[in-house]
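[1] Pasted the sequence and its predicted model underneath.
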Amino acid sequence: MNRKRRFISLNLKMTVAILAGIVLAFCMYLFCTWFETHITNTYYTSDKAVEKNVGAVYDSLESYIKKYNVEATDRDALTNWLNEQKYTYFFIYNDETNVFEKGWWGSSNSDNQNDPLANEDAPINNDLSSSDIKGDMVTEDTFLTDAKNRIIEFADGRYYVFIDVYKEQHFHEIMVLVTVVLCFLTLLATILIYNKRTLNRIITLASEVQQVSDGKLDYEIHSFHNDEIGTLSTSVDNMRNSIIQKHQNEKEAWEANTQLITAMSHDIRTPLTSMIGYLDIIEGKKYKSQEELDKYIASCRDKSFQLKDLSDKLFQYFLVFGNQGSDRTLESYDAGILFQQLLAEHCAEAISYDYKVDFQYTIPEEVNVMTDISGLRRLFDNVFSNIMKYGDKREDIRVEAALNGTIVKIVVENHILEQAKKVESTRIGLKTCERICSDLQGTFRYTEEEHIFTVEITFPMAIETTKDNKEEAKEARSKN
């Protein structure tokens, strides 16, 4: 058993897509953070990387001192050199004197390296401060154990020098920008993918509708999602099926009418040809006696009534099929009383024409049906006129009316004359009965087996039978 898919609106799907994009963007942020940490630890903060980066700065400093014969107290010259060293902290100490201290020490304010005096008393975030070198706390041997510490020969003597390089800060700044861009692109890509899929569904639907509008009604419109677009697809496909059904009905009606007209033309032409022949004999006075003349006149009269019967049936057929039941108003009636009256009238008429009728009626009162009396009269007129026209008077006409659950069922059965079976019929009366029953929300079925013709008519019981009707029926029975 297929479960009905739950309706999920496009707004909810868009919300889910945005949340999914946010989650993926956060995952991208975690990846970028891990990548930054890995690269920083490998190429910037490892012992080997620190030794390499600091060594390159010391080599640059020694070359600069030799080239320009720089003294440790020449702050301008040292500042000029330091300005070329990005993300570098520079500290010079001699005995108990802080000779020079300047540069970038990892704080958030990178402008400190531009002011040679701003850092004299600022807190230092490095591995060595001036207090660590004062007095006997640090010897020359222990001082040189750190790759960041060296004793450099300046033009005015040898000095303790501490240099630290923070090149990872530049990489960090780049990674911040890259992380923001990648997270934004991840969120944007998720939303664009969702919008692309939604747009593709709309384009597909538009293409399928265009196929249908071009006349390809057999082109099915698919619906794979239970949302607004899926609902629209289903509605359009239902409309397509309705158009197909309408065209099919029109085609069947056209074919039925064509067959009917062809058959009626044959049925009308046959008696009309005979009438013309008889009238030509009468007009040419080719009869031999008065009896023969009377015979020709009687034959013309019979053919006239036959044509009248055919024209009446044809008129009734187009009357029923032409209005499509649009002017028919159904009302609630007590089936037990209504059908008994109508069937009894037609059974009495059949008996008056020397037919034997077996009438069995068991529909109780208080059972209501929605119907139209004029339509019912026309229905039973067609049924019983057909019986009396082709029925065998030697056999009984069986009329049975009963309540089968919530269905009122009427069965009429009769035997067909042997000569009537040889007569070609358009069955226009039966087609009229089918349409009348359809307009009355009932069903009409007929079968013909050998010499027995059976008609079965059903009507659904009305959904509601009011308590007032029940009480009125009980009061009527008590009075009787």
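    It's in.
[2] got the contact list for the residue nearest to residue 13 when sequence neighbours are not counted?
    Nearest non-adjacent residue to residue 13, counting by CB to CB, 6 or more residues apart in numbering: residue 227, 6.7 Å away. For every residue, glycine as well, the C-beta is placed using N, CA and C. Applying CB atoms under 8 Å, 6 or more residues apart in numbering to residue 227 gives the contacts 7-10, 13.
[3] Low-confidence stretches in the protein?
    1-4, 105-139, 260, 263-264, 266-267, 313, 315-328, 419-426, 464-480 (pLDDT under 70).
[4] can you give me the strands in it?
    Using DSSP state E, the strands assigned to the chain run over residues 88-94, 97-103, 149-154, 157-165, 331-334, 356-361, 368-371, 396-404, 407-415, 443-449, 452-460.
[5] For the residue most central in space within the chain, which non-adjacent residue is closest in space?
    The centroid of the chain falls nearest to residue 230 when counting by CA atoms, centre = their mean (1.9 Å). Excluding the flanking residues, the one nearest residue 230 by CB to CB, 6+ apart is residue 223, at 4.5 Å.
[6] longest single helix anywhere in this protein?
    Longest helix in the chain by number of residues, with DSSP state H as the criterion: helix 228-283.
[7] one step back: dump the strands of the chain to JSON lines, plus mean neighbour count and distance to residue 300.
    Output for those, formatted as JSON lines (neighbours: other CB atoms under 10 Å; distance: least, CB to CB, whole Å):
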{"stretch": "strand 88-94", "mean neighbour count": "23", "distance to residue 300": "132"}
{"stretch": "strand 97-103", "mean neighbour count": "20", "distance to residue 300": "134"}
{"stretch": "strand 149-154", "mean neighbour count": "17", "distance to residue 300": "142"}
{"stretch": "strand 157-165", "mean neighbour count": "21", "distance to residue 300": "130"}
{"stretch": "strand 331-334", "mean neighbour count": "16", "distance to residue 300": "45"}
{"stretch": "strand 356-361", "mean neighbour count": "14", "distance to residue 300": "34"}
{"stretch": "strand 368-371", "mean neighbour count": "22", "distance to residue 300": "42"}
{"stretch": "strand 396-404", "mean neighbour count": "17", "distance to residue 300": "32"}
{"stretch": "strand 407-415", "mean neighbour count": "20", "distance to residue 300": "31"}
{"stretch": "strand 443-449", "mean neighbour count": "13", "distance to residue 300": "32"}
{"stretch": "strand 452-460", "mean neighbour count": "17", "distance to residue 300": "31"}
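[8] quick one: which of those strands is nearest residue 298?
    strand 407-415 (28.4 Å; CB to CB).
[9] same for the closest one, what does it pack against?
    Under the contact definition 3 or more CB pairs under 8 Å, 6 or more residues apart in numbering; DSSP states H and E, strand 407-415 sits against helix 335-352, helix 373-390, strand 396-404, strand 452-460.
[10] Report the angle between it and strand 356-361.
    170 degrees (axes from the mean of the first three to the mean of the last three CA atoms, to 10 degrees).
[11] Give me the sheet partners of strand 407-415 and which way each runs.
    Note on strand 407-415: by DSSP bridges, its sheet partners are strand 396-404 (antiparallel), strand 452-460 (antiparallel).
[12] among those strands, which is nearest residue 243?
    With CB to CB as the yardstick, what comes closest out of the strands paired with strand 407-415 is strand 452-460 (29.0 Å).
[13] Show me the contact partners of the closest one.
    335, 369-371, 379, 383, 387, 390-391, 406-416, 433, 437, 440-448.
[14] Domain parsing of the protein, as residue ranges.
    10-43+171-212, 47-166, 245-322, 328-479 (automatic domain parsing).
[15] ends of the shortest one, how far apart?
    The first residue of domain 10-43+171-212 is 25 Å away from its last residue (CA to CA, to the nearest Å).
[16] contacting residues around residue 47?
    residue 147.
[17] Could I have the CA atoms of stretch 225-245 written out in PDB?
    Output of stretch 225-245 as PDB, limited to C-alpha atoms (Å, rounded to 0.1, in the frame of the first residue of the first chain):
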ATOM      1  CA  HIS A 225       7.800  16.200  -5.500                       C
ATOM      2  CA  ASN A 226       4.900  17.000  -3.200                       C
ATOM      3  CA  ASP A 227       5.300  20.800  -3.100                       C
ATOM      4  CA  GLU A 228       3.800  23.800  -4.900                       C
ATOM      5  CA  ILE A 229       5.400  22.900  -8.200                       C
ATOM      6  CA  GLY A 230       4.400  19.300  -7.800                       C
ATOM      7  CA  THR A 231       0.800  20.300  -7.000                       C
ATOM      8  CA  LEU A 232       0.900  22.500 -10.100                       C
ATOM      9  CA  SER A 233       2.200  19.700 -12.200                       C
ATOM     10  CA  THR A 234      -0.500  17.300 -10.900                       C
ATOM     11  CA  SER A 235      -3.200  19.900 -11.600                       C
ATOM     12  CA  VAL A 236      -2.000  20.500 -15.200                       C
ATOM     13  CA  ASP A 237      -1.700  16.700 -15.800                       C
ATOM     14  CA  ASN A 238      -5.300  16.300 -14.500                       C
ATOM     15  CA  MET A 239      -6.400  19.000 -16.900                       C
ATOM     16  CA  ARG A 240      -4.600  17.200 -19.700                       C
ATOM     17  CA  ASN A 241      -6.400  14.000 -18.800                       C
ATOM     18  CA  SER A 242      -9.700  15.800 -18.700                       C
ATOM     19  CA  ILE A 243      -9.100  17.200 -22.100                       C
ATOM     20  CA  ILE A 244      -8.200  13.700 -23.400                       C
ATOM     21  CA  GLN A 245     -11.400  12.300 -21.800                       C
END
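[18] Give me the spatial nearest neighbour of residue 201, chain neighbours excluded.
    Closest to residue 201 by CB to CB, 6+ apart is residue 229, at 5.3 Å.
[19] The one you found is in contact with residue 10, isn't it?
    Yes. With contacts counted by CB atoms under 8 Å, residue 229 reaches residue 10, the gap being 7.2 Å.
[20] Between the two, point out the one with more neighbours.
    residue 229 (17 against 14; other CB atoms under 10 Å).
[21] what about that one, distance to residue 202?
    Distance of residue 229 to residue 202, given as CB to CB, to the nearest Å: 6 Å.
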